[in-house]
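**Student:** Would you be able to build a 3D model of this:
(4 chains)
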There are 2 protein chains.
Amino acid sequence: MKLEILTKNENREIEDEIISKIRDLINYKNLEPGDKLPAERVLSEKFGVSRSSVRSAIQKLEFYGILYSKPQSGTFISNIGQIAMNGMIEDILSLGEHDFKSLVETRILLELKIVKMAALRRTEEDLERIRQALSAYKVKMINGEPCVEEDLLFHLAIASACKNTTMNTLMLLITPEIIVAYQEDRVCEGDVALAQIKQHEDIYMAIRDQDPQLAKEKMKLHFTKLYDYIYGENRKKVIKG
Amino acid sequence: MKLEILTKNENREIEDEIISKIRDLINYKNLEPGDKLPAERVLSEKFGVSRSSVRSAIQKLEFYGILYSKPQSGTFISNIGQIAMNGMIEDILSLGEHDFKSLVETRILLELKIVKMAALRRTEEDLERIRQALSAYKVKMINGEPCVEEDLLFHLAIASACKNTTMNTLMLLITPEIIVAYQEDRVCEGDVALAQIKQHEDIYMAIRDQDPQLAKEKMKLHFTKLYDYIYGENRKKVIKG
DNA sequence: ATATCCAAACTGGTTAACCAATTTACCAAA
DNA sequence: TTTGGTAAATTGGTTAACCAGTTTGGATAT
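**Tutor:** Below is the predicted model of the structure:
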């Protein structure tokens, strides 16, 4: 277990080091957007690392849109300026794990917007999918079983209905971390369970009726509860009041 | 060029197909969170694809938090339930490129929140970084040079100051696409340039004075201009009025 | 002098062999 | 039966060889 962390850190450090070296190379050689990076083999030799390490570093920069690779041709610098590139690489290097508070803050921000858009743009298929997710959630909830997954699936179904590809992707990205953070089998009981179900049903009905403002209000209500749970007294296994 | 697209599509299709097969395998074998996936070699043979293809698919699922790999041990299913996993994989498979409108919508949503948080939490170092970005932006702007990069660096500096790791990461993710979409060398002239600079300065000063509400207002002003530019008449190379 | 063409070198992508660490299975000793 | 240790098998990660296009540079014909 300890080793795993070490390995990950090591790998990360190696990857980041290569990224840093690539940045230095671009700066030193004054490469501009569209210019070709040295070949992977050359870089691996110059940096004294394996070619696959270089490749993984390049792929990461490619993912962030800073580089792009053309097969049988080379790797090129994207059409963003040198200054912007430097700043972004610095940010990429310095970004670490997400703290739970920032995750929840972001989720709330996203979903208050998403639910409005979903209310306006949802199709019948979206509605049916949301309804099914809600149904699965209710079953678990009533039986007193853990239902974090079903809860978040409900919200993901809404995100899918909002027809904003970017926001949907971002929700997909941050959702797993939230699920894991919640994973300790938290359940609700009695009145609270019923209240939670009602909140979800209210959201669903607002979307069904295509009332964006009401949907946002109901989502806000849903989140005030969540906010209390996050920032309130120490987290409890069972919410009773 | 055509080939590049084909190659990418092909790759993507292969990767998605493998992801789909992995999902089916998990469902068929009823694997639960924490269970170990078959070894990469086994999967590559079973699916009739190369091991590196399996690896890239696994890495993608790892990025989305659905799987995690332990060196010399195996690949395991993350601590999210089977139902949630299935829904998320379906979403991942269906998500494509981001349309420009959704990118801008998301950016605006994020930044209106970010700028408030930045005003509250910025350190002196953050402020200095923002100031420098603003300075670089002004120089280009006054000289009538393209300054999209400097503009977005200014905004990224603000994002970095908001101290929300998740939002900062998301900004880093969506920013390059925006830059590229804007890249056609757009410049402002005369009064418009001065107005743009003033908008930025207003935002900077609000952050400096730690006035979140004012910062948000100024950012909103900045974005109404942007919104017009996006949704208004056909995009122009030079904004004059 | 210029345009055309072809082969050799170079490219990123792919495949297969290799490595070190971990897990597993088994056997001997208590 | 339980325990300890050891060696073989299995793992994800790494490296090196290979492949199919692309680019390039110069030889050749016009």
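**Student:** can you give me the mean pLDDT across stretch A:66-73?
**Tutor:** For stretch A:66-73, mean pLDDT rounds to 87.
**Student:** wait, I meant stretch A:50-58
**Tutor:** Stretch A:50-58 shows an average pLDDT of 86 in the prediction.
**Student:** That stretch and DNA strand C in contact?
**Tutor:** Yes - Stretch A:50-58 comes into contact with DNA strand C (Cβ under 7 Å from any atom of the strand), by way of A:Arg55. No exception for glycine: its C-beta is placed from N, CA and C like everyone else's.
**Student:** Domains in chain A, by residue range?
**Tutor:** In terms of domains, chain A is parsed into A:2-94, A:100-239 (source: automatic domain parsing).
**Student:** okay if I get these as a markdown table plus distance to chain B and mean neighbour count?
**Tutor:** Formatted as a markdown table, those follow (distance: least, Cβ to the nearest Cβ, whole Å; neighbours: other Cβ atoms under 10 Å in any protein chain shown):
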| stretch | distance to chain B | mean neighbour count |
| --- | --- | --- |
| domain A:2-94 | 3 | 16 |
| domain A:100-239 | 3 | 18 |
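**Student:** rank those by pLDDT, which is bottom?
**Tutor:** Among the domains of chain A, domain A:2-94 carries the lowest mean pLDDT (a mean of 79).
**Student:** Quick one: check that domain for contact with DNA strand D.
**Tutor:** Yes - for domain A:2-94, a contact with DNA strand D is found by Cβ under 7 Å from any atom of the strand, at A:11, A:14, A:49-53, A:70-73.
**Student:** Among these, which are located in helices?
**Tutor:** Among the residues of domain A:2-94 next to DNA strand D, the ones falling in helices (DSSP state H) are A:11, A:14, A:51-53.
**Student:** Please identify which two of these are farthest apart in space.
**Tutor:** A:Asn11 and A:Arg51 (15.6 Å; Cβ to Cβ).
**Student:** ok, which stretches of chain A are helices?
**Tutor:** A:2-28, A:40-47, A:51-63, A:82-94, A:100-121, A:124-142, A:148-161, A:165-182, A:190-208, A:212-231.
**Student:** out of these, nearest to B:Gln82?
**Tutor:** helix A:148-161 (8.1 Å).
**Student:** Name the surrounding residues that touch that closest one.
**Tutor:** With contact meaning Cβ atoms under 8 Å, 6 or more residues apart in numbering or on different chains, helix A:148-161 is reached by A:110-111, A:114-115, A:118, A:121-123, A:126-127, A:129-130, A:132-134, A:136-137, A:140-141, A:167-168, A:171-172, A:175, A:178-179, A:182-183, A:186, A:200, A:203, A:207, B:80-81, B:83-84, B:87-88, B:91.
**Student:** Run the angle between that helix and helix A:212-231 for me.
**Tutor:** If you take axes from the mean of the first three to the mean of the last three Cα atoms, to 10 degrees, helix A:148-161 sits at 150 degrees to helix A:212-231.
**Student:** pull the CA atoms of helix A:148-161 into CSV?
**Tutor:** Output of helix A:148-161 as CSV, limited to C-alpha atoms (Å, rounded to 0.1, in the frame of the first residue of the first chain):
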residue,chain,number,x,y,z
VAL,A,148,-25.7,7.1,-3.1
GLU,A,149,-25.2,5.6,-6.6
GLU,A,150,-28.9,5.8,-7.5
ASP,A,151,-28.9,9.3,-6.2
LEU,A,152,-26.1,10.4,-8.4
LEU,A,153,-27.4,8.4,-11.3
PHE,A,154,-30.5,10.5,-11.0
HIS,A,155,-28.4,13.6,-11.2
LEU,A,156,-26.4,12.3,-14.1
ALA,A,157,-29.5,11.6,-16.0
ILE,A,158,-30.5,15.2,-15.5
ALA,A,159,-27.1,16.3,-16.7
SER,A,160,-27.5,14.1,-19.8
ALA,A,161,-30.8,15.9,-20.5
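**Student:** Quick check: closest non-adjacent residue to whichever residue of chain A sits closest to DNA strand D.
**Tutor:** Here chain A gets closest to DNA strand D at one residue, A:Ser50, 2.0 Å apart by Cβ to the nearest atom of the strand. Counting by Cβ to Cβ, 6 or more residues apart in numbering or on different chains, A:Ser44 is the residue found nearest to A:Ser50 once chain neighbours are left out, at 6.0 Å.
**Student:** Return the residues in contact with that neighbour.
**Tutor:** Each residue near A:Ser44 by Cβ under 8 Å, 6+ apart is listed here: A:50-51, A:53-54.
**Student:** Could you tell me how far it is located from DNA strand C?
**Tutor:** Remark: distance between A:Ser44 and DNA strand C (Cβ to the nearest atom of the strand, to the nearest Å) = 10 Å.
**Student:** ok, now how distant is that residue from B:Met171?
**Tutor:** 32 Å (Cβ to Cβ, to the nearest Å).
**Student:** One more: A:Leu221?
**Tutor:** Distance from A:Leu221 to B:Met171, by Cβ to Cβ: 28 Å.
**Student:** do A:Ile197 as well
**Tutor:** 35 Å.
**Student:** Equivalent analysis for A:Met219, please.
**Tutor:** Relative to B:Met171, and taking Cβ to Cβ, A:Met219 is found at 23 Å.
**Student:** What of A:Asp211?
**Tutor:** To B:Met171, A:Asp211 is 31 Å away according to Cβ to Cβ.
**Student:** Would you agree A:Ile83 is in contact with B:Ser135?
**Tutor:** No - at 11.9 Å, A:Ile83 does not count as touching B:Ser135 under the criterion of Cβ atoms under 8 Å.
**Student:** List the contacts of A:Ile207.
**Tutor:** Counted by Cβ under 8 Å, 6+ apart, A:Ile207 has contacts A:115, A:118-119, A:122, A:127, A:130, A:158, A:161, A:215.
**Student:** Against B:Tyr227, how distant is the residue nearest to it when sequence neighbours are not counted?
**Tutor:** Closest residue to A:Ile207 apart from its sequence neighbours, by Cβ to Cβ, 6+ apart: A:Ala119 at 4.8 Å. Distance of A:Ala119 to B:Tyr227, given as Cβ to Cβ: 21 Å.
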